[in-house]
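[1] pasted the sequence and its predicted model underneath.
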Amino acid sequence: MKTFVTKLRNKKARVVSFYQLIQYLFEVSRDIELHPILRSYAGNFPLCLFSDPLVWLKMVRNAESRFLEDKQRPYAFYATHLRAIPFGEPDRISKFLEDNLAAIAREFSRCAPPEVPTPSKALVDQGIWNTFPLRRSSKTVPENISRCPQTWSLVQKCPLLQGVEGGVYFSIVYPGTHISSHCGPSNLKHRYHLTIEEAEGAKIRAGDKWRTWRRGECLILDDSFEHEVKHNGDKRRVVLIVDCWHPDLTEKERDFLTNLHRIWQKPTRKAAEKQGTSRQPREQQKQTVGATSAKSN
């Protein structure tokens with residue numbers, strides 16, 4: 001009965017969230033500057049019904065035509081008005097990260113952060129791909145940030161992707177690893193790879209182009225392109241990955257996307273928080289029971 005009530009509440013929260021989403025879309029649909037980003041949702045959610053229904057109908061009939069490049073296939077969101085190149089040119093963000101390499105590398109080596117397997121374990125055909133996240137999918141990891149406070153303080157000065165699957169983490173790939181071809185969820189970001197430890201034999205492909213990592217240099221990836229990693233060297237490769245907004249997005253578009261995500265994810269967050277608090281007493285109870293039984297033994 002309790003499970004049924006919980007599911008009912010979650011469904012109710014989703015309905016309320018959807019209603020709030022529709023209200024918000026009606027409000028912003030009056031802003032002509034936001035019409036390009038609204039139309040971009042055509043293949044995923046019919047937001048263009050509020051600005052240009054004919055565009056939505058046309059794109060639904062031929063969903064693949066909305067991708068500007070052949071190997072660019074994000075699975076969650078695609079903004080058709082953004083430039084599409086697999087690897088970006090150096091910019092002020094990459095220069096800023098490169099200028100602070102020494103501090104970031106020193107902190108990484110000093111704290112020797114504990115590595116954890118990447119959440120995308122299914123992508124690892126062979127070998128080991130570990131991470132040390134400071135932020136994963138827009139959620140910070142306080143205990144890890146406390147180990148690398150200077151790094152976190154520095155990346156906070158970058159236009160970090162807010163609200164839409166953005167991350168900040170150290171990525172560690174070991175020799176003999178192959179990360180299979182895949183595409184990121186959207187083309188809303190540029191993913192900056194600041195190379196801390198380079199390794200001969202480690203390379204990455206995006207689209208039809210291959211690149212290697214060089215210590216002190218920042219590689220800029222649009223991960224909405226199909227990409228893969230091969231490491232045939234003899235030592236690990238370490239990079240700091242920082243997800244930032246695509247430079248073509250306006251400040252108004254960024255705010256819109258952040259608000260949209262906040263509205264839609266609200267019920268999910270609340271459900272997770274309630275579930276976490278309801279589990280806590282049970283876990284404590286188990287610990288107490290375990291401790292008691294240990295004493296009696």
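    Nice, I can see it.
[2] so who does I179 touch?
    123-125, 129, 173, 228-230 (C-beta atoms under 8 Å, 6 or more residues apart in numbering). For the C-beta atoms, the positions are set from N, CA and C on the backbone; glycine is no exception.
[3] which of the residues you listed are buried, as a ChimeraX select command?
    To isolate the buried subset of the contacts of I179 in ChimeraX, counting by 16 or more other C-beta atoms under 10 Å, use the following:
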select :124,129,173,228,229,230
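[4] format the contacts of I179 as CSV; extra columns: pLDDT.
    Converted to CSV, those look like this (pLDDT from 0 to 100):
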residue, pLDDT
L123, 95
V124, 96
D125, 94
W129, 96
V173, 97
E228, 97
V229, 98
K230, 98
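[5] and which of the contacts of I179 is nearest to P86?
    Sorting the contacts of I179 by distance to P86 puts E228 at the head of the list, at 11.9 Å, by C-beta to C-beta.
[6] so where's the chain uncertain?
    For the chain, applying pLDDT under 70 flags the ranges 1-2, 4-16, 41-66, 163-164, 264-297.
[7] same thing but at 90, please
    Within the chain, the segments meeting pLDDT under 90 span 1-70, 73-81, 111-114, 118-121, 136-139, 161-166, 185-186, 256-297.
[8] please enumerate the helices of the stretch 51-200 of the chain.
    In the stretch 51-200 of the chain, the segments counted as helices under DSSP state H, counting those that start in this stretch are 53-61, 92-99, 101-111, 142-145, 149-155.
[9] and the angle for the second one with helix 101-111?
    Relative orientation of helix 92-99 versus helix 101-111 (axes from the mean of the first three to the mean of the last three C-alpha atoms, to 10 degrees): 60 degrees.
[10] by contact count, what packs against helix 92-99?
    strand 189-197, strand 218-221, strand 237-245 (3 or more C-beta pairs under 8 Å, 6 or more residues apart in numbering; DSSP states H and E).
[11] switch to 6 Å and redo it
    Helix 92-99 sits against strand 218-221, with contacts defined as 3 or more C-beta pairs under 6 Å, 6 or more residues apart in numbering; DSSP states H and E.
[12] circling back to that earlier point, TSV for the helices of the stretch 51-200 of the chain, including distance to P36 and mean neighbour count?
    TSV is the format used below for those (distance: least, C-beta to C-beta, whole Å; neighbours: other C-beta atoms under 10 Å):
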stretch	distance to P36	mean neighbour count
helix 53-61	10	14
helix 92-99	23	16
helix 101-111	35	15
helix 142-145	35	14
helix 149-155	28	18
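[13] so T3, which of the three states?
    helix (DSSP: H, G, I helix; E, B strand; the rest coil).
[14] right, I'll call it a day here.
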